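[1] Give me a 3D structure for the following:
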Amino acid sequence: MKRSIISLSSEDQSWLDEYSRKNHCPKSKVVREALGEFRRKHQLQGLSYKEIIQKTSGIGKGHFGDAVKYVRQIRSEWDK
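    Numbering: from 1, shown residues only. The predicted structure follows:
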């Protein structure tokens, strides 16, 4: 892993310090995770609809349990 020096505003530095302290997570890890998320978001830009569907297919697998039951539950909320 390569090291990088970055410049942050005082406000961003304070936020990063506090977030890192509250979550017991090194600041470098927080920055790496944020950068990874930023890259994933921007890698989808410029792709065709079909390419985005292919890249994100199955992303929620296992998070909702039985898909039919989940959809019925969500739809039942529409009537409330």
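
[2] From the contact counts, what lies against the helix of greatest length in the chain?
    Longest helix in the chain, counting residues (DSSP state H): helix 27-44. For helix 27-44, the packing partners by 3 or more C-beta pairs under 8 Å, 6 or more residues apart in numbering; DSSP states H and E come out as helix 10-22, helix 49-56. (Glycine included, C-beta is placed from N, CA and C.)

[3] Count the neighbours of the residue nearest to residue 52 when sequence neighbours are not counted for me.
    Excluding the flanking residues, the one nearest residue 52 by C-beta to C-beta, 6 or more residues apart in numbering is residue 44, at 5.5 Å. By the criterion of other C-beta atoms under 10 Å, residue 44 has 11 neighbours.

[4] cool, the one 3 residues further on as well?
    The number of residues packed near residue 47 is 12, by other C-beta under 10 Å.

[5] any idea how far residue 40 is from it?
    Here the criterion is C-beta to C-beta, to the nearest Å. By it, residue 47 lies 12 Å from residue 40.

[6] And for residue 5?
    Distance of residue 5 to residue 40, given as C-beta to C-beta: 24 Å.

[7] Compare neighbour counts for these two and give me the winner.
    residue 40 (10 against 4).

[8] And the pLDDT at that one?
    Note on residue 40: pLDDT of 83.

[9] can you pull the contacts of it?
    If you count contacts by C-beta atoms under 8 Å, 6 or more residues apart in numbering, residue 40 has none.

[10] any idea how far residue 53 is from it?
    Counting by C-beta to C-beta, the gap from residue 40 to residue 53 is 15 Å.

[11] how far out from the middle of the chain is stretch 26-37?
    In this view, stretch 26-37 has its centroid 11 Å away from the chain centroid, taken as C-alpha atoms, centre = their mean, to the nearest Å.

[12] Stretch 16-35 too?
    Worked out by C-alpha atoms, centre = their mean, stretch 16-35 lies 14 Å from the chain centre.

[13] Likewise for stretch 47-61?
    On C-alpha atoms, centre = their mean, the centre of stretch 47-61 falls 15 Å from the chain's centre.
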